[in-house]
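Q: kindly generate the corresponding structure for this input.
(chains A and B)
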Amino acid sequence: MLLGDEAIAQGALDAGMSGIYAYPGTPSTEITEYVQSKKELKGKVRSDWSANEKTAMEAALGMSYAGKRSMVCMKHVGLNVAADPFMNAAITGVNGGMVICVADDPSMHSSQNEQDSRFFAKFALIPVLEPSSQQEAYDMSYGAFELSEKFKLPVMIRITTRLAHSRSAVTRSLPKSQNKLKTPLQLNQFILLPSMARKSYDRLVNIQPDLEKEALESPYNSLIDGKDTSRGVIAMGLAYNYLAENFEDFRIPHPVLKISQYPIPVKLVSALYERCETILVLEEGYPLIEESLKGLLGREKKIQGRLDGTIPRTGELNPDIVREAFFPPKGKILDVPDIVKNRPPALCKGCSHSDVYLALNEVMDPYGKGRVFSDIGCYTLGALPPYNSIDTCVDMGASITMAKGAADAGLVPSVCVIGDSTFTHSGITGLLDAVRENSPITVIISDNSTIAMTGGQESHATGRLDVICEGIGVPSTHIRKLNPLKKYHEDNVRILEEEVAYEGVSVIIAERECIQTLARKKKI
Amino acid sequence: MKSDIILAGVGGQGILSIAASIGIAALENNLEIKQAEVHGMSQRGGAVQSNMRISSKPIASDLIPKGEADLILSVEPMESLRYLPWLSEKGWLITNIHPFINISDYPDVESLEAVLDNLPHRIVLDADAIAGELGSRKVSNMVILGAATPFIDIPYESFEIGIRNIFGRKGEEIVNLNLEALKMGKEKAELMQN
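A: A predicted model of the protein is given here:
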């Protein structure tokens, strides 16, 4: 029984992957963790965490440059961080097979947005595989490296939360050995000087018809005929399962085009379009195919989906949503009794972030609300009662830079709260900006010495945050440490007060280990 | 054979151990399984659920459609009610009555009991008390699983195999404690069912 994430990892291992690169991010974390959990692979398959998605993507490209098969994994918003190497890796192409696995989070179970990574792949002009089951996840991952080497392009595997975190039995294929070390035959392949980049980009554009032909012939794309041509259905990835669920023994009376490999196989879409009076498009994510099919003017046949309201415009699909596109509402569905209250996630009892916020609230009270910029991690829960301590949460690292911008505008004091791992992911460069102008901001690094939200992975700079800050120019007199425990509350409030009052860059490191990782260590 | 089960609880209450035990029991009987879990932010003391689908035929969706769950299996009373829209007309709700209170507006237990009492097919038991009598409240989740075993068309021994598999590396004592909890849950449920 493997999670969708684990099936991808196992497929890559069996395909002879030499290294996997990633920064933890729900729902992608378990891909890398699966490889790390295989002790027998130590020294054979590289799998340690990277500082962020950009460094991960570049390292994976480097491994591919050296002829080996590499994988890089991230959540959808992580791809934004890695967008620069991502777009350019499509232009350089690869040497050893390189697979980019992106886990999207429609309905934002654990994310800030629900962007659809298939758009990114289309933007970069690379193929995408979108599995609909754990077995397909395994098979696609196993085969993706070959596809990548065949076209000398990175290949994206796009999954969503539901498949990432759902288990099923998976049958494995024969394990392959790893590639030998081999630098690119054409040594300037990876030099994107304009004169060379233009040629590489031409190649990328010119092989698009070949990629489409590949998708047309792919076993993952199929046109299944049905008698009722009043409506044809295009179902992508997981959406196909929700469609099948609604018909006895999966016998769908309409012609159905199941798509799990992109670029869009236009010939198959055209065949369905010609045969049916209307088309229903079911896709997990944004209306990518629906929009293309409708065209700008939408003057031809009726296309149904997320854009015309047949399917809700936002959120993940499920069997009930798909059902409503076909059948009248079910009778006798019980309601949730009023007595059931919301139970949102909360900081654990005894969490160090909680002590940081209680002290900070006291310090910020005289200044009024609206001055605390925060970031991505467990400590984002400080936005909720009983703390109500923070006013922003935008993207990894944005706390420091937004506080700086607000201070530039005259909002002094501006305070930011960032976790230790978010700081090393994307906070250091922002702090460098602030140091250069000695911006009047107070940076609180709420250091629980782990990447807690995603399950307690190792943080990159545990015990070294002070020297990092000093190294990039924060005066040592304004690098303060505090111990976020109730018994030190008064001291902590005093230190915070002093630094918030100081009109320059100061960093306060509030270090106490995450109680979850601590409890686990004690058990072992 | 088909069994669609919603497992419910609060992050950290051990519903994934229940899911894993059922999963192994189902594999033992060569059944198809899909099991959707919740990872990430909600695990921090929030409401969590797992959709577990077992069938002798291929399963399409990882998610159970509304009104089609054969069982709601919950380690917490208020959480058991959150998933009522998924319960089928003939479905059973099996829940622990011992509350997990980490929110300020948690309802009083008597009102929860009153709502539960109105359901036609329910097994409500104090799994924490039963587990406490056995020596550890930690096995309350296995009491709940035990109470569900008469309602899942899989031989009881297969669930025992599941438990041995999952807790095996923690030693014979832990395995036996969990098996005991499973048995107690089963016996209580059988008494209440009749």
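Q: gap between the residue lying closest to residue A:310 once chain neighbours are set aside and chain B?
A: Distances taken as C-beta to C-beta, 6 or more residues apart in numbering or on different chains place residue A:304 nearest to residue A:310, at 4.1 Å, with adjacent residues excluded. No exception for glycine: its C-beta is placed from N, CA and C like everyone else's. Applying C-beta to the nearest C-beta, to the nearest Å, the value for residue A:304 to chain B is 20 Å.
Q: just checking, residue A:304 touches residue A:277?
A: No - contact between residue A:304 and residue A:277 fails when scored by C-beta atoms under 8 Å: they sit 11.3 Å apart.
Q: more crowded one of the two?
A: residue A:304 (18 against 11; other C-beta atoms under 10 Å in any protein chain shown).
Q: show the model's pLDDT score for residue 171.
A: All of this is about chain A. Listed pLDDT for residue A:171 reads 97.
Q: switch to chain B, please.
A: For residue B:171, pLDDT reads 93.
Q: just residue B:42 next, same as before
A: The predicted local confidence for residue B:42 is 66.
Q: residue A:183: what's it in contact with?
A: A:65, A:66, A:67, A:95 (C-beta atoms under 8 Å, 6 or more residues apart in numbering or on different chains).
Q: again, only this time at 7 Å
A: Neighbouring residues of residue A:183 by C-beta atoms under 7 Å, 6 or more residues apart in numbering or on different chains: A:66, A:67.
Q: likewise for residue A:64?
A: Residue A:64 makes contact with A:70, A:94, A:95, A:96, A:98, according to C-beta under 7 Å, 6+ apart.
Q: okay, helices next: where are they in chain B?
A: Taking DSSP state H, the helices of chain B run over residues B:15-28, B:77-82, B:109-117, B:127-134, B:140-148, B:156-167, B:172-193.
Q: point out the most buried one among the ones you listed.
A: Mean neighbour count, computed with mean count of other C-beta atoms under 10 Å in any protein chain shown, is highest for helix B:140-148 among the helices of chain B, reaching a mean of 29.
Q: other SSEs contacting it?
A: helix B:15-28, strand B:69-74, strand B:87-96, helix B:127-134, helix B:172-193 (3 or more C-beta pairs under 7 Å, 6 or more residues apart in numbering or on different chains; DSSP states H and E).
Q: so which strand or helix has residue A:362?
A: Assigned by DSSP states H and E, residue A:362 belongs to helix A:352-364.
Q: correct me, but the residue nearest to residue A:310 touches residue A:282?
A: No - taking contacts as C-beta atoms under 7 Å, residue A:304 lies outside contact range of residue A:282: 9.5 Å.
Q: which bits of chain B sit near chain A?
A: B:10-11, B:23, B:27, B:33-42, B:44-47, B:60-63, B:65-67, B:78, B:81-82, B:84-85, B:87, B:89, B:102-103, B:105-107, B:111-112, B:115 (C-beta under 7 Å from any C-beta of the partner chain).
Q: would you mind giving me the PyMOL syntax to select the buried ones in those?
A: A single PyMOL command selects the buried members of the residues of chain B next to chain A (16 or more other C-beta atoms under 10 Å in any protein chain shown):
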select buried, chain B and resi 10+11+23+27+33+34+35+36+37+38+39+40+41+42+44+45+46+47+60+61+62+63+65+66+67+78+81+82+84+87+103+107+112+115
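Q: which residue ranges of the stretch 51-200 of chain A form strands?
A: A:70-75, A:98-104, A:128-129, A:155-160, A:166-168 (DSSP state E, counting those that start in this stretch).
Q: which one of the ones you listed lies nearest to chain B?
A: strand A:166-168 (4.0 Å; C-beta to the nearest C-beta).
Q: tell me what the residue nearest in space to the middle of chain B is bridged to.
A: With distances taken as C-alpha atoms, centre = their mean, residue B:73 lies nearest the centre of chain B, 3.5 Å away. Residue B:73 has these beta-bridge partners by DSSP bridges: residue B:7, residue B:94.
Q: OK, contacts around it?
A: Contacts of residue B:73 by C-beta under 7 Å, 6+ apart are B:5, B:6, B:7, B:18, B:94, B:144, B:148.
Q: and the pLDDT at it?
A: pLDDT at residue B:73 comes out at 97.
Q: likewise for residue A:493?
A: Reading off the model, residue A:493 has pLDDT 98.
Q: just to revisit the earlier point, farthest-apart pair in the contacts of residue A:64, please.
A: A:70 and A:95 (10.0 Å; C-beta to C-beta).
Q: okay, the two: which has more neighbours?
A: residue A:70 (31 against 25).
Q: element containing the residue nearest to residue A:9 when sequence neighbours are not counted, please.
A: Leaving aside its sequence neighbours, residue A:9 sits nearest to residue A:34 (C-beta to C-beta, 6+ apart; 3.9 Å). Residue A:34 is part of helix A:29-37 when elements are defined by DSSP H and E.
Q: buried ones in that helix?
A: Of the residues in helix A:29-37, those buried (16+ other C-beta under 10 Å) are A:29, A:30, A:31, A:32, A:33, A:34, A:35, A:36.
Q: farthest pair in these?
A: A:29 and A:35, at 11.5 Å, using C-beta to C-beta across the buried residues of helix A:29-37.
Q: thinking again about what came up before, tell me which of the strands of the stretch 51-200 of chain A is the most buried.
A: Among the strands of the stretch 51-200 of chain A, highest average neighbours (mean count of other C-beta under 10 Å) belong to strand A:70-75, with a mean of 32.
Q: name the helices or strands packed onto that strand?
A: Using 3+ C-beta pairs under 7 Å, 6+ apart: strand A:70-75 touches strand A:19-22, helix A:53-65, strand A:98-104.
Q: CA atoms only for that strand, dumped as CSV, please.
A: C-alpha atoms of strand A:70-75 as CSV (Å, rounded to 0.1, in the frame of the first residue of the first chain):
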residue,chain,number,x,y,z
SER,A,70,17.4,13.2,-11.2
MET,A,71,14.1,14.2,-9.7
VAL,A,72,13.0,17.4,-8.1
CYS,A,73,9.8,17.7,-6.0
MET,A,74,7.8,20.6,-4.7
LYS,A,75,4.4,21.9,-3.9
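Q: pairing partners for that strand, with directions?
A: strand A:19-22 (parallel), strand A:98-104 (parallel).
Q: and of those, who's closest to residue A:496?
A: Shortest distance between residue A:496 and the strands paired with strand A:70-75, using C-beta to C-beta, is found for strand A:19-22: 34.7 Å.
Q: so for the closest one, mean pLDDT?
A: 98.
Q: distance between it and the chain's centre?
A: 14 Å (C-alpha atoms, centre = their mean, to the nearest Å).
Q: list the contacts of it.
A: A:12, A:28, A:31-32, A:35, A:45-47, A:49-50, A:56, A:59-60, A:63, A:68, A:70-74.
Q: also stretch A:258-277?
A: Taking C-beta under 7 Å, 6+ apart as the rule, stretch A:258-277 contacts A:118, A:121, A:127-132, A:136, A:208, A:211-212, A:215-216, A:218, A:220-224, A:229-232, A:234-237, A:240, A:255, A:257, A:279, A:289, A:292-293, A:301.
Q: which of those fall in strands?
A: Of the contacts of stretch A:258-277, the ones assigned to strands by DSSP state E are A:128, A:129, A:222, A:223, A:224, A:231, A:232, A:234, A:235, A:236, A:257, A:279.
Q: nearest to chain B, out of those: which one, please.
A: residue A:235 (11.1 Å).
Q: the closest one bridge partners, please.
A: residue A:258, residue A:282.
Q: ok, it - how many residues close by?
A: For residue A:235, using other C-beta under 10 Å, the count is 26.
Q: do you know how far it is from residue A:284?
A: Counting by C-beta to C-beta, to the nearest Å, the gap from residue A:235 to residue A:284 is 9 Å.
Q: over to residue A:333?
A: Distance of residue A:333 to residue A:284, given as C-beta to C-beta: 23 Å.
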